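take a look and give me a structure for this.
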Amino acid sequence: QIIEKADGLPLFIEELTNSVLSSMRNRSVDQAAAPDVQAAELKVPDTLYDALMERVDRVPQGRRLAQTAAVIGREFSYETLSFALPIGESDLRVTLARLEDADIIYRVGLSPQVLFAFKHALLRDAIYSSLLRSSRRQMHADIAAILEVHAPEVAETQPELLAHHHSESGNHGRAVDFWYQAGQRALAQSANVEAIAHFRKALAGLASWPDTRDRASREIQLQLALGIPLIAVRGYAAEETREVFARARALCLQRNSPAEYFQALYGLWGHSWMGGKNDE
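Presented below is the predicted three-dimensional model:
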């Protein structure tokens, strides 16, 4: 049954086998029952999701804790989890230990704080998807607030983490701020590909803002910021580089922003000049 349902996927084979073995250990089977009867009573989960969630549900309070941890991320700290989950410290430690014993999570660090991670990304995704959308949004909002209050250093060292939680909670105003910070931080570290991704996410969040003067100002800032890593990665001559500076120029004309206008114009001049050199 395992071979038929796993379809050759190693993770699925492992999870289905673990599920069956756990069922055998946890069932109180009459010692006198025939082996073939015991085998017939065993059930192999139909899907990988079923197998993963069965394992989580065997741990008392396991689903609740694992769902909260899954919203925090693939990795999560004991400290953040303790603020996000309103249970006693003793219960929290016991449940974490049981999830470790069940091979659902494992410790990845002890200094400066205890860190855990889900054994596999698919396991975290399965647990995360078991939450209602409304519950996920509220939990992301709660975790963003916890990080800002109890771990203010995250805003400096991992602004993309706060940006992610604010994005998922629907707070696009705060998300845009942190995606921009994340882009600037990546740019300062010459991580140009990451900077492009962060600035694009900021622009995506900005799309939900009403069409106001403030939105136009923020978009000019983001488009000009995006142009810098695009030049480094794609080059002046790339069409997407031209599109970014052209959009910034158009917005500057609407807003009458001469300083930003000349930045956008310089980017377009670079595109035109490099494009002409390539034609030659």
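
make it CA atoms for all contacts and neighbour counts henceforth
Noted.

you'd agree Y78 is up against G109?
No. The criterion here is CA atoms under 8 Å, and Y78 misses it with G109 at 10.5 Å.

which residues do the two both contact?
The contact sets of Y78 and G109 overlap at 115-116 (CA atoms under 8 Å, 6 or more residues apart in numbering).

who has more neighbours, those two?
Neighbour comparison, Y78 and G109: the larger count goes to Y78, with 17 against 12 (by other CA atoms under 10 Å).

now do the residue lying closest to the more buried one once chain neighbours are set aside against E160, distance only.
Leaving aside its chain neighbours, Y78 sits nearest to V114 (5.6 Å; criterion: CA to CA, 6 or more residues apart in numbering). Distance, V114 to E160, using CA to CA, to the nearest Å: 21 Å.

who has more neighbours out of the two?
The neighbour comparison of V114 against E160 (other CA under 10 Å) goes to E160, with 23 against 13.

grab the nearest non-local neighbour of that one.
Spatially, and ignoring its direct neighbours in sequence, E160 is nearest to A182 (5.2 Å; CA to CA, 6+ apart).

just I127 next, same as before
Distances taken as CA to CA, 6+ apart put Q67 closest to I127, at 5.7 Å, once the chain neighbours are dropped.

name the helices or strands packed onto whichever helix or strand that neighbour is part of?
If you go by DSSP states H and E, Q67 is part of helix 62-72. Helix 62-72 makes packing contacts with helix 48-57, helix 78-84, helix 89-101, helix 121-129, helix 133-150 when contacts are defined by 3 or more CA pairs under 8 Å, 6 or more residues apart in numbering; DSSP states H and E.

kindly recompute the last result at 10 Å.
helix 48-57, strand 75-77, helix 78-84, helix 89-101, strand 115-118, helix 121-129, helix 133-150, helix 159-169 (3 or more CA pairs under 10 Å, 6 or more residues apart in numbering; DSSP states H and E).

now mean pLDDT and distance to I196 too, for these, in JSON lines please.
Shown next, in JSON lines, are those (pLDDT from 0 to 100; distance: least, CA to CA, whole Å):
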{"stretch": "helix 48-57", "mean pLDDT": "79", "distance to I196": "34"}
{"stretch": "strand 75-77", "mean pLDDT": "93", "distance to I196": "24"}
{"stretch": "helix 78-84", "mean pLDDT": "94", "distance to I196": "29"}
{"stretch": "helix 89-101", "mean pLDDT": "93", "distance to I196": "37"}
{"stretch": "strand 115-118", "mean pLDDT": "94", "distance to I196": "27"}
{"stretch": "helix 121-129", "mean pLDDT": "87", "distance to I196": "25"}
{"stretch": "helix 133-150", "mean pLDDT": "96", "distance to I196": "23"}
{"stretch": "helix 159-169", "mean pLDDT": "97", "distance to I196": "13"}
